[in-house]
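# what would the 3D arrangement of this be:
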Amino acid sequence: MIGFKIVLDHLNEPIDLIVYCLSYSLGILIGVQIEERLSLGHVTVQAVTKEHGPFLVQRLRGKGYMYP
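Below is the predicted model of the structure:
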């Protein structure tokens, strides 16, 4: 909160505001890239099969994957 106040107190010049907006945007983009590389999110996979459905579910559950 204090850091944000310091930034807002020094945005008197238009160039300062532009630099602040660009650096904020760059921080967001870099954060998204890091999160994509680390893959911290969850992935949903849907498999459609005519045969071996119960066997597949049993194997996936045995390996720790969740199945609804």
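# from Val48, how far out is the closest residue to Ala47 other than its chain neighbours?
Nearest residue to Ala47, sequence neighbours excluded (CB to CB, 6 or more residues apart in numbering): Leu56, at 6.7 Å. C-beta: built from backbone N, CA, C; applies to glycine. As judged by CB to CB, to the nearest Å, Leu56 and Val48 stand 11 Å apart.
# ditto for Leu11
Leu11 sits 55 Å away from Val48, going by CB to CB.
# for Ile34, grab the count of nearby residues.
Neighbourhood size, Ile34 [other CB atoms under 10 Å]: 10.
# following the chain onward from the strand or helix carrying it, which element is next?
Assigned by DSSP states H and E, Ile34 falls within helix 14-38. The helix or strand immediately downstream of helix 14-38 is helix 53-62, counting by DSSP H and E.
# chain center to that following helix: distance?
Offset of helix 53-62 from its chain centre (CA atoms, centre = their mean, to the nearest Å): 29 Å.
# against which helices or strands is that helix packed?
If you count contacts as 3 or more CB pairs under 8 Å, 6 or more residues apart in numbering; DSSP states H and E, helix 53-62 packs onto no helix or strand.
# what about Gly64, neighbour count?
By the criterion of other CB under 10 Å, Gly64 has 6 neighbours.
# could you do Val57 as well?
For Val57, the neighbour count with other CB under 10 Å is 13.
# go on, Arg61?
When neighbours are counted by other CB under 10 Å, Arg61 registers 11.
# middle-most residue in the chain, spatially?
Against the mean C-alpha coordinate of the chain, by CA atoms, centre = their mean, the closest residue is Glu35 at 4.8 Å.
# and it, how far is that from Leu29?
According to CB to CB, Glu35 stands 11 Å off from Leu29.
# got it, and Met66?
Met66 is 32 Å from Leu29, by CB to CB.
# these two - which one has more neighbours?
Just comparing Met66 and Leu29: by other CB under 10 Å the higher neighbour count belongs to Leu29, 10 against 7.
# and the pLDDT at that one?
At Leu29, the pLDDT value in this model is 95.
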